[in-house]
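Undergrad: Output the structure for:
(chains A, B, C and D)
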2 protein chains.
Amino acid sequence: MGSKERIIKQKEDVRNKIIAAAWRIVKKEGWQAMSMRKIADSIDYTAPIIYGYFDNKDALLVELTRQGFLKLADRLRQAKAKHKLPAKQLEAMWFTYWDFAFDEPQYYKLMFGVDVNCYCEMGQCMETEMPSDIFSEVIEELVASSNNPNTDVCKKYYLFWSVIHGLISINMVNKGKSDKLNQEILKDAITGIIRTIVV
Amino acid sequence: MGSKERIIKQKEDVRNKIIAAAWRIVKKEGWQAMSMRKIADSIDYTAPIIYGYFDNKDALLVELTRQGFLKLADRLRQAKAKHKLPAKQLEAMWFTYWDFAFDEPQYYKLMFGVDVNCYCEMGQCMETEMPSDIFSEVIEELVASSNNPNTDVCKKYYLFWSVIHGLISINMVNKGKSDKLNQEILKDAITGIIRTIVV
DNA sequence: TACTTTTGCTAACGGTGTTAAATGGATTAA
DNA sequence: TTAATCCATTTAACACCGTTAGCAAAAGTA
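TA: Next up is the predicted model:
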């Protein structure tokens, strides 16, 4: 009867406890380490009860992801509110985006699929020539023959790599973008950065 | 005796068969689906023999990663060789890098840690406002008040997102870059893109 | 009080990485 | 040739994992 509301509230309470416990584990050990049994343990239940609240482990991770997006959206709106000029707003928002990624790396990894399985420390375990070397060599040449020989090669390389790796991973995770748009961005970015080198 | 060489060759042969089997699975089903037992099965052995050749699963994945880097380096050198001007070389190399990512997505994912755990189809499962919306709104405003109101908002948004997400994920995977360099690139990229909008 | 529904647990299935012990065949030494 | 050693390989086991089925006890309802 009148207890119905309390029961619903209790159910919701357990749900929240599950999410909180899951998040506690993810935050501390990464989402790979999150397991149904660990969650259950930390809230004094057994694993199967979780399935009364979430279809499966994935659904639980999706819920955490959702909360991540809420948090990020919130921060972005706050950053926007701090300025009036669109250019300033945009700048502040992207810096906020950056900060979010490193304040809440586990959220960011969950949301955008950034993760290494095997820690490879690339460039040290790699006896072979790294892409960075091959690219830097050419950038070096380009810089030397440019009007601005003081250009930081490393910086330009990372700029290149960021745009292109970013575009690639966005496409891989969130597959189904327009190929035309990708090619345009890719081409514009590459020629754009080259132009900033050549001056 | 004289069979010693053959024995060494046989050992190496098994090692190669392990790697080949591992790669076959990774290529078809993704690295998450690769398991010691599956590899062993596909070469008519049992799982523990793999530990005679690799310390653990991670070491095996690192080996695949290594081969990925070799393949990429090879392609980059080929692309470079096709041109004489550094600017043209650079352009060709980055396009090659792009193509490699989509020709060999499993290599790329392994090498640079791009992967989604829970398939979230962000934007559809998300009832809340997405970052893309919040950003696009502001970019829209900026474009409207600019000298070039025909600018493609979507394109600019993806350009922003690519650089910044790229920079973030590079830092997360390959942690330990210089903060100063990051901040410089971040700032330069943001102000640079904004400038291309405002004209 | 008797019945039904709910709640949580135990046990189990099939899978994972990994290690220790047993097996069996080939190689070597007597 | 026989005995001893070695090495590759297997079996068995441990400790996990996600997930499901069945059961017991508790709670709510009549």
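Undergrad: So A:Lys17: helix, strand or coil?
TA: helix (DSSP: H, G, I helix; E, B strand; the rest coil).
Undergrad: wait, what's in contact with it?
TA: A:Ile43 (C-beta atoms under 8 Å, 6 or more residues apart in numbering or on different chains). (C-beta placed from N, C-alpha, C; glycine too.)
Undergrad: And the pLDDT at the residue nearest to A:Lys156 when sequence neighbours are not counted?
TA: Leaving out its chain neighbours, the residue that sits closest to A:Lys156 by C-beta to C-beta, 6 or more residues apart in numbering or on different chains is A:Ile139, at 5.5 Å. pLDDT recorded at A:Ile139 is 94.
Undergrad: quick one: what helix or strand has A:Asn148 in it?
TA: Using DSSP states H and E, A:Asn148 maps to neither a helix nor a strand.
Undergrad: I should have written A:Val143 there, sorry.
TA: Going by DSSP H and E, A:Val143 is in helix A:131-144.
Undergrad: For that helix, name the packing helices and strands.
TA: helix A:153-173, helix A:179-198, helix B:57-81, helix B:86-103 (3 or more C-beta pairs under 8 Å, 6 or more residues apart in numbering or on different chains; DSSP states H and E).
Undergrad: can we see that at 6 Å?
TA: Applying 3 or more C-beta pairs under 6 Å, 6 or more residues apart in numbering or on different chains; DSSP states H and E, one finds that helix A:131-144 contacts helix A:153-173, helix B:86-103.
Undergrad: Send me that helix as PDB with only the CA atoms.
TA: Written as PDB, here are the backbone C-alpha positions of helix A:131-144 (Å, rounded to 0.1, in the frame of the first residue of the first chain):
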ATOM      1  CA  PRO A 131      56.600   6.400 -37.500                       C
ATOM      2  CA  SER A 132      57.600   9.400 -35.500                       C
ATOM      3  CA  ASP A 133      61.200   9.100 -36.800                       C
ATOM      4  CA  ILE A 134      60.100   8.700 -40.400                       C
ATOM      5  CA  PHE A 135      57.800  11.700 -40.200                       C
ATOM      6  CA  SER A 136      60.100  13.900 -38.200                       C
ATOM      7  CA  GLU A 137      62.900  13.400 -40.800                       C
ATOM      8  CA  VAL A 138      60.700  14.800 -43.600                       C
ATOM      9  CA  ILE A 139      59.300  17.600 -41.400                       C
ATOM     10  CA  GLU A 140      62.900  18.500 -40.600                       C
ATOM     11  CA  GLU A 141      63.700  18.800 -44.300                       C
ATOM     12  CA  LEU A 142      60.600  20.900 -44.900                       C
ATOM     13  CA  VAL A 143      61.400  23.200 -42.000                       C
ATOM     14  CA  ALA A 144      65.000  23.600 -43.200                       C
END
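Undergrad: Show me what counts as buried in it.
TA: A:Pro131, A:Ile134, A:Phe135, A:Ser136, A:Val138, A:Ile139, A:Glu141, A:Leu142, A:Val143 (16 or more other C-beta atoms under 10 Å in any protein chain shown).
Undergrad: That helix to helix A:153-173, inter-axis angle?
TA: 130 degrees (axes from the mean of the first three to the mean of the last three C-alpha atoms, to 10 degrees).
Undergrad: So, low pLDDT: which residues of chain A?
TA: Within chain A, the stretches with pLDDT under 70 are A:1-3, A:118-129, A:176.
Undergrad: can you tell me if stretch A:78-91 touches chain B.
TA: Yes: Stretch A:78-91 comes into contact with chain B (C-beta under 6 Å from any C-beta of the partner chain), by way of A:Pro86, A:Ala87, A:Gln89, A:Leu90, A:Glu91.
Undergrad: surely the third one meets A:Lys80?
TA: Yes: proximity of A:Gln89 to A:Lys80 meets the contact threshold set by C-beta atoms under 6 Å, at 4.9 Å.
Undergrad: Between those two, tell me which one has more neighbours.
TA: A:Gln89 (23 against 20; other C-beta atoms under 10 Å in any protein chain shown).
Undergrad: how close does the more buried one sit to B:Pro131?
TA: Distance of A:Gln89 to B:Pro131, given as C-beta to C-beta, to the nearest Å: 14 Å.
Undergrad: give the contact list for the residue of chain A found nearest DNA strand C.
TA: Nearest residue of chain A to DNA strand C (C-beta to the nearest atom of the strand) works out as A:Thr46 at 3.5 Å. Neighbouring residues of A:Thr46 by C-beta atoms under 6 Å, 6 or more residues apart in numbering or on different chains: A:Ala40.
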